[in-house]
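Undergrad: take this sequence and fold it.
(one chain, ligands or ions: 1)
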Amino acid sequence: MAAQDKKRMLPASIAAMRSRKKQKLGGAGDRPVVPPQPAKTSVRSDALAWKDVSLPDRLENYEGFFGLEEIDDVDVMKDDSTGKVSFLSSKPAHAAQVQSGPVDSGEEAVHSHDEGEEWSGFGDATQNPAAAAMLAPSKKGSAALEKPAKQRKQTKADEPPKKKEGSKITSTADSTAAFKTLTEDLTPKEADVSAWRDILAGHDVIGKASTGSGKTLAFGIPILERFLELRSTSHRSNGAKAPLALILSPTRELAHQLDKHLTALCSHGLEDGPSIATLTGGLSMQKQERLLKYADIVIGTPGRLWEVMSAGQGTIKALQQIQFLVVDEADRLLSEGHFKEVEEILNALEREDDTNDDNEEAEEEQVPSSRGEHARQTLIFSATFDRGLQRKLAGKGKSGGESKIDKDSMEYLLAKIKFREEKPKFVDVNPINQLATGLKEGLIECSGPEKDLYLYALLLLHRNTRALVFTNSIDAVRRITPLLQNLGLPAVALHSGMMQKARLRSIERFTQASNSGKPSSSILVATDVAARGLDIPNVKLVIHYHLPRAADTYVHRSGRTARAGQQGSSILICGPEEVAGVRRLVAKVHAHSAAADEESVSEAAKQGYYIRTLDIDRRIVSRLKPRTVLAKKLADTVIAKEKAHKADEFFRSAAEELGVDYDSEEFEKTDNGRRGRGSKRKANEREAREFTKADVGAMRAELRALLAQRVNVGVSEKYLTSGGVDVEELLRQKEEGGDKGSGEFLGRVEGLGIE
Ligand SMILES: Nc1ncnc2c1ncn2[C@@H]1O[C@H](COP(=O)(O)OP(=O)(O)OP(=O)(O)O)[C@@H](O)[C@H]1O
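TA: The predicted structure follows:
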């Protein structure tokens, strides 16, 4: 081939490699016997012999995919001088479309249709230009194959993604140069990353740093650096894949966010970044298994990861080859709920004698590196660590020896990890405070039944502010979200009872900035599933509707705001009986470091932190009461009717199965006769169920009228309307000693920096 000199031959396909592997197993000594291959000719991308991959019927499992096709035995050629890409295959689908030369790189190697409105990943465009570029709709005619694999995976919904397993473009680009571009653009000049030098120097690290301080990059950069090193030395260029890194995440949302952040990081200035497979529950397992086969970086939540590991053939053996094990949000991951799976995963990673003997020889050939060659680097991160453990890690506490370690503790699991150094380095980036420096804290006292009212008042004062409301139960999220929506506030829900697709959509809606000038869905009502690691830009306010059950939860919830050096506020709404407990909890958070590092702790922390109560003018809040009561009644009515409908369906089908008659009214009467715990709630539910359509319509009309009224905030010509109140003006008037009552609504909120 005349042009061969100018072209780089791209890796043989995985299928070709597999067939060679089988021949070796056939026993031809050390060298595989390769039978003569049919000659390959240049073929147009749409004329290749794509094969449909069968997918299960349940659409919600597809992360925006409506079809998948695969292909094997295709070589991809790229002409460096023209940028043109061509495909060589011995079996084109349509012989007529075989072509004689390379296709223009403008040709659609991957079809890209922009129709459909499926979710295509988190949108943090405001935060990260690299991510923005990645998520921008792919232009027809762009050299789609030059995008990293992950980017291809996240193309639009109606597009049948053509995953070219094994047909990967490689580049001999100097990894150092690519890395330089990356760090130059993503790390501002003043950013001090010296705390993480142990990671960059290849040490095992247990890293503690405040929320929002950039831990993802701390492990993402060394992984990418290693990927580039291996790639530039052609170490992994034969298409064989043993994953380079495994990242464990406690929640699905965080796993997908890590995927997205690493994809953005890796696509920055790189023609061909690493492939990332994200294994989380709620999405198609088959698809994840396929992606896993060719992944450089595997991100997983413990349940799904263990399911895939234990079911797959050779998966454990491949994962044993990883060179990086990252445990993100370690204290959460290595504790409650996930303990068993994480223990299984760690055991499997350490096990020497994997049981997949059948594949052993093949795996050995397929996997380019072995543990002996590249001992694994382990990186463990969180903003919070158990105090005792933290002291031990910092070399200040007594080590009780393995026998004394509680079998349910993080320490126990840490003892299971084979660090490559005798003791991992403990890096505590912020020994003084676990909370971000730009965070302001305060609490609002009210009676339990008034929490909805105060929540509404607080949100009304912060209209067009991205706010996250935390509750302790799924039921509370289900109740509060429609309540706020009825009050005209743009609220969306997030809890683990939702379908995964709906969960991701909620995050996306919450994250998206409004393009129309109208407020977008800027309130996320969530359980603690949103407390850890989520990096959503410009969250200015975190409200704890229910009190966090533990100090670390307070840290992580509050850490959703004031990230990356920004300002933000965290406000707890609590009943009178909860105030003392809350003060203790928050003081504990502030004093936490005192126990870990007595010398460096600040005077304020030693004396005890006192979280301030925010004074809210109760006269004004009381004016918001009628609309809140009505909105709640409406929300409860809808929920009660849905619940009744579901219960009715359930009993009806149970009765059918038993062959007995079911009379819902009779059943109801029997149930009415019982009294006891929850009977008031049940009575309310019954009342709500009995409202007719007309009743509901009348309530809605009444609420509309109430919402249209302005609420006098006690200052001449200042009203709290659905458009909010001019808070700055109120504060200014207060400072200037203006109208009586001005600023009272906010009390000392200005100290929190709320605007
Ligand atoms: N050096 C840097 N300069 C500026 N911004 C950065 C830097 N490093 C990271 N960021 C940004 O800071 C934000 C927070 O980073 P990240 O999500 O990694 O925080 P984290 O420490 O993992 O927080 P959490 O403990 O809540 O999980 C991200 O949007 C990230 O892009």
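Undergrad: quick check: longest helix of this protein.
TA: Secondary structure of the chain per DSSP state H: the longest helix is helix 625-658.
Undergrad: give me the buried positions along that helix.
TA: For helix 625-658, burial by neighbour count (16 or more other C-beta atoms under 10 Å) applies to 627-628, 630-637, 639-641, 644. From N, CA and C alone the C-beta is placed, and that goes for glycine too.
Undergrad: closest to residue 524 out of the residues you listed?
TA: Distance to residue 524 across the buried residues of helix 625-658 (C-beta to C-beta) is lowest for residue 635, with 17.2 Å.
Undergrad: that closest one against residue 476, yeah?
TA: No. Look at residue 635 against residue 476 with C-beta atoms under 8 Å: they stay out of range, at 11.7 Å.
Undergrad: still on that earlier bit, show me what the longest helix of the chain is packed against.
TA: helix 451-461, helix 474-486, helix 664-672, helix 679-690, helix 693-708 (3 or more C-beta pairs under 8 Å, 6 or more residues apart in numbering; DSSP states H and E).
Undergrad: helices of the stretch 451-600 of the chain, start to end?
TA: Counting by DSSP state H, counting those that start in this stretch, the stretch 451-600 of the chain has helices at residues 451-461, 474-486, 500-511, 551-558, 579-596.
Undergrad: can you list the ones you listed in TSV and add distance to residue 277 and mean neighbour count?
TA: Shown next, in TSV, are these (distance: least, C-beta to C-beta, whole Å; neighbours: other C-beta atoms under 10 Å):
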stretch	distance to residue 277	mean neighbour count
helix 451-461	39	22
helix 474-486	29	21
helix 500-511	16	20
helix 551-558	26	24
helix 579-596	36	19
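Undergrad: list phi and psi for residue 42.
TA: The phi and psi values for residue 42, taken as degrees, to the nearest 10, are phi -80, psi 130.
Undergrad: I'd guessed it sits against residue 88; true?
TA: Yes. Between residue 42 and residue 88 there is a contact at 5.9 Å, judged by C-beta under 8 Å.
Undergrad: so how far is residue 413 from residue 339?
TA: Note on residue 339: its distance to residue 413, by C-beta to C-beta, to the nearest Å, is 7 Å.
Undergrad: residue 41: neighbour count?
TA: For residue 41, the count of nearby residues is 15 (other C-beta atoms under 10 Å).
Undergrad: got a pLDDT number for it?
TA: Residue 41 carries a pLDDT score of 74 in this model.
Undergrad: returning to that earlier point: what average pLDDT does the longest helix of the chain get?
TA: 82.
Undergrad: more neighbours: residue 339 and residue 413, which one.
TA: Comparing residue 339 with residue 413 by other C-beta under 10 Å, the one with more neighbours is residue 413, at 23 against 18.
Undergrad: contacts for the helix or strand containing residue 207?
TA: Assigned by DSSP states H and E, residue 207 falls within strand 205-208. Under the contact criterion C-beta atoms under 8 Å, 6 or more residues apart in numbering, strand 205-208 has outside partners 196, 198-199, 215, 218, 330, 378-385, 390, 393, 414, 424-430.
Undergrad: the following helix or strand past it - contacts with which helices or strands?
TA: Once strand 205-208 ends, the next helix or strand along the chain (criterion: DSSP H and E) is helix 215-232. Packing contacts for helix 215-232, counted by 3+ C-beta pairs under 8 Å, 6+ apart, involve helix 175-186, helix 197-200, strand 245-248, helix 252-267, strand 324-327, strand 377-382.
Undergrad: change it to 10 Å
TA: In terms of contacts (3 or more C-beta pairs under 10 Å, 6 or more residues apart in numbering; DSSP states H and E), helix 215-232 is packed against helix 175-186, helix 197-200, strand 205-208, strand 245-248, helix 252-267, strand 297-300, strand 324-327, strand 377-382.
Undergrad: take those and lay them out in a markdown table including mean neighbour count.
TA: Listed next are the helices and strands packed on helix 215-232 as a markdown table, based on neighbours: other C-beta atoms under 10 Å:
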| stretch | mean neighbour count |
| --- | --- |
| helix 175-186 | 16 |
| helix 197-200 | 16 |
| strand 205-208 | 26 |
| strand 245-248 | 26 |
| helix 252-267 | 24 |
| strand 297-300 | 27 |
| strand 324-327 | 24 |
| strand 377-382 | 26 |
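Undergrad: can you redo these as a markdown table with mean pLDDT and distance to the ligand?
TA: Converted to a markdown table, those look like this (pLDDT from 0 to 100; distance: least, C-beta to the nearest ligand atom, whole Å):
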| stretch | mean pLDDT | distance to the ligand |
| --- | --- | --- |
| helix 175-186 | 33 | 7 |
| helix 197-200 | 74 | 13 |
| strand 205-208 | 89 | 9 |
| strand 245-248 | 96 | 12 |
| helix 252-267 | 90 | 7 |
| strand 297-300 | 96 | 14 |
| strand 324-327 | 95 | 11 |
| strand 377-382 | 91 | 7 |
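Undergrad: closest to residue 555 out of the ones you listed?
TA: strand 377-382 (9.7 Å).
Undergrad: using PDB, write down the CA coordinates of the closest one.
TA: What follows is strand 377-382, C-alpha atoms only, in PDB (Å, rounded to 0.1, in the frame of the first residue of the first chain):
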ATOM      1  CA  GLN A 377      -1.500   2.000  44.300                       C
ATOM      2  CA  THR A 378      -4.400   2.300  46.800                       C
ATOM      3  CA  LEU A 379      -6.100   5.700  47.300                       C
ATOM      4  CA  ILE A 380      -8.700   6.100  50.000                       C
ATOM      5  CA  PHE A 381     -10.600   9.400  50.300                       C
ATOM      6  CA  SER A 382     -13.200  11.100  52.400                       C
END
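Undergrad: if we can go back for a sec, just the buried subset of the contacts of strand 205-208, please.
TA: Those of the contacts of strand 205-208 that meet the buried threshold are 196, 198-199, 215, 218, 330, 378-385, 390, 393, 414, 424-430, by 16+ other C-beta under 10 Å.
Undergrad: check contacts around residue 688.
TA: Contact analysis of residue 688 by C-beta atoms under 10 Å, 6 or more residues apart in numbering lists 633-641, 643-644, 695-696.
Undergrad: right, I mislabeled it, should have said residue 573
TA: Residue 573 neighbours (C-beta under 10 Å, 6+ apart): 443-446, 448, 450-455, 458, 469, 543-547, 582, 614.
Undergrad: how much space separates it from the ligand?
TA: Distance from residue 573 to the ligand, counting by C-beta to the nearest ligand atom, to the nearest Å: 22 Å.
Undergrad: could you give the bridge partners of that residue?
TA: residue 444 (DSSP bridges).
Undergrad: repeat for residue 324
TA: Note on residue 324: beta-bridge partners residue 245, residue 377, judged by DSSP bridges.
Undergrad: my guess is it meets residue 244, correct?
TA: Yes. At 6.5 Å, residue 324 counts as touching residue 244 under the criterion of C-beta atoms under 10 Å.
Undergrad: mind listing the shared neighbours of these two?
TA: Common neighbours of residue 324 and residue 244 (criterion: C-beta under 10 Å, 6+ apart): 223, 226-227, 297, 374.
Undergrad: need the max-distance pair from those.
TA: Pairwise distances across the shared contacts of residue 324 and residue 244 peak at 15.2 Å for 297 and 374 (criterion: C-beta to C-beta).
Undergrad: how close does the nearest residue to residue 585 once chain neighbours are set aside sit to the ligand?
TA: Once flanking residues are discounted, residue 585 sits nearest to residue 551: 5.5 Å by C-beta to C-beta, 6 or more residues apart in numbering. Residue 551 sits 15 Å away from the ligand when distances are taken as C-beta to the nearest ligand atom.
Undergrad: fine by me, we can end here.
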